[in-house]
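[1] Need coordinates for the below:
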Amino acid sequence: MLPLSTIFFRLLIAAVLSGLVGIERELRHKEAGLRTNILVGLGSALIMLVSIVFEADQAKIASGVITGIGFLGAGLIIHGQGHIKGVTTAATIWIVSSIGLACGIGYYSAAALATIIALFVLYFFGNEKVREAAKLND
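    Numbering: from 1, shown residues only. Model prediction:
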């Protein structure tokens, strides 16, 4: 069994990294904000920790979590009035879950790098001017 300090640290790091992504979403007034992202990352980390304690196959556990989060994300996507809304929110929930899984297994460097890259993508490509400049002329 893992020491309580290790469990606490892994859950804390998952909450902090997920919270950073959540803050970005909250500042943009998106459906899944700070609380949602923290809870998804924290829950994913906890599931991975439980799989370690019970000596379960972590790859199968991670696969199950990612599949479940995919269904959750699908429910966030709304199609109507000629456009699709919520795809980035769904993708954000998916990456936050992956960050939580990485923290739960103790792979902090990958979790931190994924968080930095996700924040860069959300911030940089969230800028309308940048997105317009990246479009190819027809």
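[2] Quick check, pLDDT for the residue most central in space within the chain.
    Centroid-nearest residue in the chain: residue 96, 1.0 Å away (criterion: Cα atoms, centre = their mean). Listed pLDDT for residue 96 reads 97.
[3] any weak-confidence spans in this structure?
    Applying pLDDT under 70 to the chain flags residues 129-131, 133-138.
[4] any idea where the helices of it begin and end?
    Applying DSSP state H to the chain gives helices spanning 4-27, 34-53, 58-76, 87-105, 108-124, 128-134.
[5] Can you tell me which of those helices is packed in deepest?
    Neighbour counts (mean count of other Cβ atoms under 10 Å) averaged over each of the helices of the chain peak at helix 87-105, with a mean of 24. C-beta coordinates here come from the backbone N, C-alpha and C atoms, glycine included.
[6] Tell me how far that one lies from the chain's centre.
    Chain-centre distance of helix 87-105: 2 Å, with Cα atoms, centre = their mean, to the nearest Å.
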